[in-house]
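**Student:** The following block contains a protein sequence and its predicted model.
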Amino acid sequence: MDNGKYYPLGEKVAIRSAFGPAFLELARDNRKLVVVTADLGGSLNLVKFGEEYPDRYFNCGVAETNMIGICAGLAITGYTPFAVTFGSFLGRTMDHVRQSVGHNRVNVKIVGSHGGVSNAPDGPSAHALEDLAMFRALPDIAVVVVADANQVSKAVAAAADHPTSVYLRLYREPLPVFTDETTPFEIGKANVMRAGTDVTVVACGPHVGLCLEVADEMTPERSIEVIDCHTVKPIDAPTIISSAGRTGAVVTVEDHSIYGGLGSAVAEVLAENRPTPMKRVGLTAFATSGKYAEVIDAAGIGKDDVKRAIAAVVAAKAEGARR
């Protein structure tokens with residue numbers, strides 16, 4: 001069930017701020033939904049949920065490993081717990097995720113907010129660059145990356161209903177909304193947001209919106225297909241293979257390390273099924289602190305970086321055709 005609030009197209013809304021209202025609406029119809037947070041309920045707009053359902057809201061303080069253990073216990077007893085913290089703090093929990101959640105095959109939803117460099121002003125210690133890779137490597141955990149505020153309620157509802165654990169990545173920076181109530185959302189099914197014939201751009205998170213802007217700016221020079229691959233695992237291989245077959249060139253774009261995240265997942269799909277000229281846009285080093293727009297440019301994941309990758313892969317496709 002999806003009872004979430006929807007925001008006007010173009011309005012700048014922080015994805016993390018949409019989480020609390022979406023969860024509250026869902027939890028009113030499902031008393032098995034609970035939240036365990038490591039002192040970050042306010043950051044994800046969960047205060048009202050805690051006030052309305054104090055018996056289903058647990059703040060364990062700055063103790064992320066304990067948060068995971070508590071959630072595993074709640075899941076064993078039949079609840080659907082959401083563990084809520086910043087993505088950059090989840091590295092210290094991975095032993096507990098592996099042992100308490102993974103080995104026991106319990107159903108825990110883990111929410112990592114402030115994904116990538118969206119927490120730009122707080123610097124590299126607060127940036128989550130490796131979270132997708134960590135969770136993608138573990139069995140029986142779906143990895144979902146929310147693209148905008150209107151996708152939040154759909155993603156939360158889908159995660160709650162999903163039969164296995166889910167890692168749900170959110171973001172801090174207020175960015176323009178580009179999906180609406182009618183935009184489909186299904187875990188494991190990517191959305192083709194824009195059709196094209198020259199190159200496929202596969203993105204996740206708010207960079208889907210950035211890539212749609214790039215596609216507009218490069219029209220009519222390039223016909224660019226843009227795919228919102230919100231589920232990095234299980235990845236929608238058929239959609240990626242089909243699109244690569246139409247365009248003959250692929251670029252991946254993510255606010256994450258190029259190692260182990262979306263780019264790696266897409267490269268694996270293409271290498272095994274349809275080898276295609278490809279470029280990955282993502283982080284290769286720790287970023288700096290500053291304004292979000294400045295940090296993504298400095299980190300190599302801004303619009304100009306996407307445009308250069310598109311030009312390079314289209315050139316590689318043309319070179320391959322001449323051989």
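**Tutor:** Noted; the coordinates are in hand. In this text, all values refer to a predicted model and were calculated from it rather than measured experimentally.
**Student:** Please parse the chain into its domains.
**Tutor:** Listed by automatic domain parsing, the domain ranges of the chain are 12-176, 191-322.
**Student:** any chance of these in a markdown table, plus mean neighbour count?
**Tutor:** Where you see a C-beta, it was placed from the backbone N, CA and C, and this is true even at glycine. Shown next, in a markdown table, are these (neighbours: other C-beta atoms under 10 Å):
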| stretch | mean neighbour count |
| --- | --- |
| domain 12-176 | 21 |
| domain 191-322 | 20 |
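**Student:** Alpha carbons of the helix ranked longest in the chain, as PDB, please.
**Tutor:** Ranked by residue count and defined by DSSP state H, the top helix of the chain is helix 303-322. Extracted C-alpha coordinates of helix 303-322, given in PDB (Å, rounded to 0.1, in the frame of the first residue of the first chain):
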ATOM      1  CA  LYS A 303      27.000  17.400 -15.500                       C
ATOM      2  CA  ASP A 304      30.300  18.100 -17.400                       C
ATOM      3  CA  ASP A 305      31.600  14.700 -16.300                       C
ATOM      4  CA  VAL A 306      28.500  13.000 -17.600                       C
ATOM      5  CA  LYS A 307      28.700  14.800 -20.900                       C
ATOM      6  CA  ARG A 308      32.400  13.900 -21.400                       C
ATOM      7  CA  ALA A 309      31.500  10.200 -20.700                       C
ATOM      8  CA  ILE A 310      28.700  10.300 -23.200                       C
ATOM      9  CA  ALA A 311      31.000  11.800 -25.900                       C
ATOM     10  CA  ALA A 312      33.700   9.300 -25.200                       C
ATOM     11  CA  VAL A 313      31.500   6.200 -25.300                       C
ATOM     12  CA  VAL A 314      29.700   7.400 -28.500                       C
ATOM     13  CA  ALA A 315      33.100   7.900 -30.100                       C
ATOM     14  CA  ALA A 316      34.200   4.400 -29.000                       C
ATOM     15  CA  LYS A 317      31.000   3.000 -30.600                       C
ATOM     16  CA  ALA A 318      31.700   4.800 -33.800                       C
ATOM     17  CA  GLU A 319      35.300   3.600 -33.800                       C
ATOM     18  CA  GLY A 320      34.100   0.000 -33.200                       C
ATOM     19  CA  ALA A 321      31.700   0.300 -36.200                       C
ATOM     20  CA  ARG A 322      34.600   1.400 -38.500                       C
END
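**Student:** Which parts of the protein are helices?
**Tutor:** 15-28, 47-52, 64-76, 94-96, 131-136, 149-161, 207-217, 237-247, 262-273, 292-298, 303-322.
**Student:** Mind checking the pLDDT average for the last one?
**Tutor:** Read that as helix 303-322. When pLDDT is averaged along helix 303-322, the result is 94.
**Student:** Which secondary structure elements does it sit against?
**Tutor:** Judged by 3 or more C-beta pairs under 8 Å, 6 or more residues apart in numbering; DSSP states H and E, the packing partners of helix 303-322 are strand 199-203, helix 207-217, strand 250-257, strand 278-283.
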